[in-house]
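**Q** structure here, sequence nowhere to be found:
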Ligand SMILES: Nc1ncnc2c1ncn2[C@@H]1O[C@H](COP(=O)(O)OP(=O)(O)OP(=O)(O)O)[C@@H](O)[C@H]1O
Ligand SMILES: [Mg+2]
């Protein structure tokens with residue numbers, strides 16, 4: 001079932017093709033804006049979720065994406081979990097380094113996302129799927145930029 005195509009308000013999506021990613025991007029950007037991220041960070045967070053979804057579609061065909069707000073002590077942020085049941089990643093520490101790609105691409109999706117997010121965890125085993133959990137906190141700078149620029 002594809003929740004986003006049925007227009008059910010939800011923070012959990014099934015990603016199968018690019019139209020799902022468009023909906024996930026829209027949802028993520030809206031939530032990031034509501035949480036108070038600067039416009040630049042809204043764009044970056046949206047790119048981050050896109051990169052991970054693109055990997056899911058390309059390597060695992062489908063996966064599940066959960067996007068929600070999170071509070072921790074005095075902090076507020078956006079928490080994104082992406083899981084798939086695809087082939088998994090053989091060498092996670094290599095995969096999160098610049099330039100590692102098993103398909104002759106730039107290999108910048110995972111490392112770029114890791115650099116940008118405050119928390120970035122990949123769990124994966126060959127033939128046992130991949131789970132990416134990532135989080136970004138709203139900062140004073142976000143609030144300032146949103147109000148002043
Ligand atoms: N969901 C996934 N399932 C299986 N392998 C994955 C998955 N996500 C990433 N990988 C592996 O990690 C590598 C690095 O991912 P990354 O997104 O950084 O690069 P890429 O997708 O190959 O290229 P780019 O994102 O720059 O276009 C991939 O080439 C692939 O081998
Ligand atoms: Mg990629």
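**A** Perfect, thanks for sending it. Owing to the predicted nature of the structure, the values given are computational and were not obtained by experimental measurement. Ligands and ions are numbered 1, 2, ... in the order given.
**Q** up against ligand 2, what does this protein have?
**A** 55, 109 (C-beta under 5 Å from the ion). All C-beta atoms are positioned from the backbone trio N, CA, C, and that covers glycine.
**Q** show me which residues of the chain sit near ligand 1.
**A** 51, 55-56, 59-60, 84, 86-89, 95, 100-103, 105-111, 130 (C-beta under 6 Å from any ligand atom).
**Q** contacts for stretch 54-72 next, please.
**A** 11-18, 21, 24, 27-28, 31, 34-35, 49, 52-53, 76-87, 103, 109-110, 129-130, 135 (C-beta atoms under 8 Å, 6 or more residues apart in numbering).
**Q** neighbouring contacts of stretch 128-148?
**A** 35-41, 45, 48, 52, 55-56, 59-60, 70, 75-86, 88-89, 113, 116-124.
**Q** just the pLDDT for the one residue in the chain that gets nearest to ligand 1.
**A** Residue of the chain nearest ligand 1, by C-beta to the nearest ligand atom: residue 109 (2.5 Å). pLDDT for residue 109: 98.
**Q** just the strands from this structure, written as ranges.
**A** 12-15, 63-72, 75-84, 119-124, 130-137 (DSSP state E).
**Q** quick revisit: buried subset of the contacts of stretch 54-72, written for ChimeraX?
**A** In ChimeraX, a selection of the buried entries from those looks like this (16 or more other C-beta atoms under 10 Å):
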select :11,13,15,21,24,27,28,31,35,49,52,53,76,77,78,79,80,81,82,83,84,86,87,109,110,129,130,135
